[in-house]
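Novice: sharing a model prediction with you, sequence too.
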Amino acid sequence: MSSDVFPSGAPAADGARAVLVGVDLGPSSSFDPTLDELALLAESAGDVAVARLIARRKAPDAALFVGSGKADEIKALVLQHRATGVIFDQALSPAQQRNLERHIGVQVADRTALILEIFAQRAQSHEGKLQVELARLQYVATRLVRRWSHLERQQGGIGTRGGPGEAQIELDRRMIGERIKTVKQRLEKVQRQRGTQRRARDKSGTFRVSLVGYTNAGKSTLFNALVKARTYAADQLFATLDTTTRQLYLQQLGGTVSLSDTVGFIRDLPHKLVEAFRATLQEAAEADLLLHVVDASSPLLAEQMDEVDRVLAEIGAERIPQILVYNKLDRLDDASRPRVLVDAVERAPGLRVPRIFLSAIEGTGLDALREAIAGAAAGTADAWAAPAADADDQDRPTGSDEPPSPEADEAPVTRSMQA
């Protein structure tokens, strides 16, 4: 096993001082050799990355994930930089986390815990807070290990919590289980309300467009630029969590479509978090068109697109037509800028997807995007593409030479108009 140690570029400011650790387990595992994304996650959670360590192993160590020798190196870095915590870029088992904390002497968190912490800080709506709480409870439920001295057999008797001799850990597990049940019930009620609102939109037949993409690709900035909204947008991971929907008027169409901004995706997004946010992500799963927003300046562009496609498949949205939106054109140097801003790219054999380069901040390419959305809504887009459907799954209109009705001035564009 080998390793690389390098200081973090982040200044030592307020917030918990953390050592970042990434383990390369070979080509079969996802791995960021720079740990830049983990550093951004730590920064988003309010922590300060003071050092980074890269280890290489053929397989994780069952007890310490990195092995005792590497754990000693991490402990030395913690002491050298006066760190108060260690953050791993991979998921740790409860036993590995407990053993590492005992060995190193400070708190240890994994990527999943870090993402959950950020979601807890950013959730604003009642539904969002319930979804985050459910995911955190489900995560904590797997971490009920004997880590504290109070986890000893309790004395049974009248007036004491639990049955005779019931362990504290069993009480904790039962309390968490009851809380999970309560949160699920409250979440189901909120989801029924959202479902009622969604059915009302279905009855109106409005053409629905959803923004999806890797976190910090600029979805909210693009959303604000298109609908002149004031949704919170910042150059940070998971700046917004709650879905926002507005009507987008398209002059080329002579009517409006529904545009939704959804939560961003990220590599190794915890499955429980995807499950908890399934109701929010349902906006994307039930859309007529997805605007897949990509950070054109990212060196990991291809990997980020693949991750978005993976999550879309997980929520059942992989067959919805897409337009690729390469955002942040303003961050590309002259040599990297494309010669044409509108083209089509083959994402799979026989599947060409429209692609538009733009800058949501500068406004470059927004007219081309509006035109493409209008063409998709009217069913007249030349570059319109969708995943190949089965023989019995051909009911989605694919285009028409008929222009939109001139009587549709500022009226919502319905899916029936596509035909």
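Specialist: Here it is on my side, so go on.
Novice: ends of stretch 42-52, what's the gap?
Specialist: Terminal residues of stretch 42-52 lie 12 Å apart, using Cα to Cα, to the nearest Å.
Novice: renumber starting at 32 from here on
Specialist: Right, with 32 as the first residue, what we last looked at is stretch 73-83.
Novice: buried sites along that stretch?
Specialist: 73-76, 78-83 (16 or more other Cβ atoms under 10 Å). (Glycine included, C-beta is placed from N, CA and C.)
Novice: closest to L312 out of those?
Specialist: Nearest to L312 among those is S75, at 20.1 Å by Cβ to Cβ.
Novice: which residues sit against the helix or strand containing H323?
Specialist: Element membership for H323 (DSSP states H and E) is strand 320-326. The contact list for strand 320-326 (Cβ atoms under 8 Å, 6 or more residues apart in numbering) reads 238-245, 247-250, 253, 315, 332, 335-336, 339, 343, 348, 351-359, 400, 404, 407-408.
Novice: if we use 6 Å, what do you get?
Specialist: 240-244, 248, 250, 336, 351-359, 407 (Cβ atoms under 6 Å, 6 or more residues apart in numbering).
Novice: now I211. Nearest residue, chain neighbours left out?
Specialist: Leaving aside its chain neighbours, I211 sits nearest to L168 (5.0 Å; criterion: Cβ to Cβ, 6 or more residues apart in numbering).
Novice: immediately after whichever helix or strand the one you found is part of, which helix or strand?
Specialist: If you go by DSSP H and E, L168 is part of helix 157-172. Where DSSP H and E defines the elements, the next helix or strand beyond helix 157-172 is helix 199-235.
Novice: can you mark which positions in that next one are buried?
Specialist: 199-201, 207, 211, 214, 218, 221-222, 225, 229.
Novice: between helix 157-172 and it, find me the angle.
Specialist: Counting by axes from the mean of the first three to the mean of the last three Cα atoms, to 10 degrees, helix 199-235 points 150 degrees away from the direction of helix 157-172.
Novice: got the contact list for the helix or strand immediately after helix 199-235 in the chain?
Specialist: Downstream of helix 199-235, the first helix or strand assigned by DSSP H and E is strand 239-244. By Cβ under 6 Å, 6+ apart, the list of residues contacting strand 239-244 from outside reads 250, 254, 288-293, 314-315, 318-324, 339.
Novice: stretch 349-359 too?
Specialist: Residues from elsewhere that reach stretch 349-359 (Cβ under 6 Å, 6+ apart): 248-249, 318, 320-328, 343, 384-388, 391, 403, 417-418.
Novice: which of those residues are buried?
Specialist: Buried among those (16+ other Cβ under 10 Å): 248-249, 318, 320-328, 343, 384-388, 391, 403.
Novice: sketch out the low-pLDDT regions of the stretch 232-381 of the chain for me.
Specialist: 232-234, 260-273, 307, 310-311 (pLDDT under 70).
Novice: those strands in the protein, which residues are they?
Specialist: Remark: strands assigned in the chain by DSSP state E are 33-38, 48-55, 79-87, 116-119, 138-140, 239-244, 275-281, 286-292, 320-326, 353-358, 373-379, 382-388, 442-443.
Novice: turn these into TSV, columns for distance to R309.
Specialist: Below are the strands of the chain laid out as TSV (distance: least, Cβ to Cβ, whole Å):
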stretch	distance to R309
strand 33-38	38
strand 48-55	29
strand 79-87	32
strand 116-119	27
strand 138-140	25
strand 239-244	14
strand 275-281	17
strand 286-292	15
strand 320-326	17
strand 353-358	20
strand 373-379	25
strand 382-388	25
strand 442-443	27
